[in-house]
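>>> Any chance you could fold what I've pasted below:
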Amino acid sequence: MNNLHLVTIAVIAANIIVSFKGFEDSHFFQRYKFGVGPIKAGQKERLVTSGFLHVDIGHLLMNMLTLYFFANVIISYFGPIKFILLYFISLIAGSLLSLFFHKDEPYYSAVGASGAVTGILYGAILLQPNMMLGLMFIIPIPAYIFGIGYLLYSIYGMKNRVGNIGHTAHFGGAIGGYVTTLIFAPNLIFTETLMVVLLAIPIIILFIMEKRGKI
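Numbering: from 1, shown residues only. Alright, predicted model coming up:
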């Protein structure tokens with residue numbers, strides 16, 4: 001995975017350039033971050049632009065490292081064009097789910113590529129569910145276990161407002177990555193049926209909880 005494709009380099013570069021512009025220019029940051037009030041007032045571009053802004057270098061580095069490790073899985077299966085489509089669909093899905101859950105909170109705001117990157121991660125897990133990931137970079141764990149656990153934790157984070165983290169965007173991005181991967185590779189429904197079902201469980205749980213007013 002060390003040989004980065006040109007399209008991955010371009011996405012990382014775009015995130016770095018826009019993020020550093022935001023670090024240096026607070027007006028730019030405020031104008032293009034995700035904000036429920038401004039989006040509902042018509043500034044729909046924030047659904048996308050917020051995905052290229054970050055709070056600080058640590059936030060940027062974490063997202064870009066995750067992208068670095070998993071982008072090539074998507075590209076090797078689908079090619080660069082579908083990788084870009086999956087990335088942006090996941091980004092927008094994360095923003096839309098955030099807007100849905102926080103629609104009555106006009107001052108809710110967020111930034112970060114987490115939705116897009118989580119979509120890439122979840123797509124990669126769906127394609128290679130048995131690859132091993134390092135929990136805390138140390139403990140080996142099957143990718144599908146990590147994916148399910150990550151989304152269950154995101155539900156917990158959404159329900160209890162854990163930390164200053166956009167759990168909703170992460171979850172929305174994962175949904176975008178999951179659905180788009182299945183659209184691009186519908187054969188997975190038959191060749192990886194069990195994994196497709198298992199990875200759908202947290203998504204089903206979320207919408208059942210939302211329907212019942214539990215989140």
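>>> Return the set of buried residues in the helix or strand where Pro38 lies.
According to DSSP states H and E, Pro38 maps onto helix 36-40. Within helix 36-40, the residues scored as buried using 16 or more other C-beta atoms under 10 Å are 36, 38-39. C-beta here means a position set from N, CA and C on the backbone, and glycine is covered the same way.
>>> Which element, helix or strand, includes the most centrally placed residue in the chain?
By C-alpha atoms, centre = their mean, the chain has its centre lying nearest to Gly115, at 2.2 Å. Using DSSP H and E, Gly115 falls within helix 114-127.
>>> by contact count, what packs against that helix?
helix 57-78, helix 80-101, helix 143-160, helix 167-184, helix 193-211 (3 or more C-beta pairs under 8 Å, 6 or more residues apart in numbering; DSSP states H and E).
>>> Including distance to Ile120, could these go into CSV?
Formatted as CSV, those follow (distance: least, C-beta to C-beta, whole Å):
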stretch, distance to Ile120
helix 57-78, 5
helix 80-101, 6
helix 143-160, 12
helix 167-184, 6
helix 193-211, 14
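>>> Ok, which of the ones you listed comes nearest Glu45?
helix 80-101 (10.6 Å; C-beta to C-beta).
>>> List the buried residues for the closest one?
Buried-residue list, helix 80-101, by 16+ other C-beta under 10 Å: 82-84, 86-99, 101.
>>> which outside residues touch stretch 129-148?
Residues outside stretch 129-148 that contact it (C-beta atoms under 8 Å, 6 or more residues apart in numbering): 73, 121-122, 124-126, 128, 174, 192, 195, 198-199, 201-202.
>>> and the end-to-end length of that stretch?
Using C-alpha to C-alpha, to the nearest Å, the end-to-end distance of stretch 129-148 comes out at 11 Å.
>>> Which of the three states applies to Lys214?
Look at Lys214: counting by DSSP: H, G, I helix; E, B strand; the rest coil, its state is coil.
>>> what number of residues lie near it?
11 (other C-beta atoms under 10 Å).
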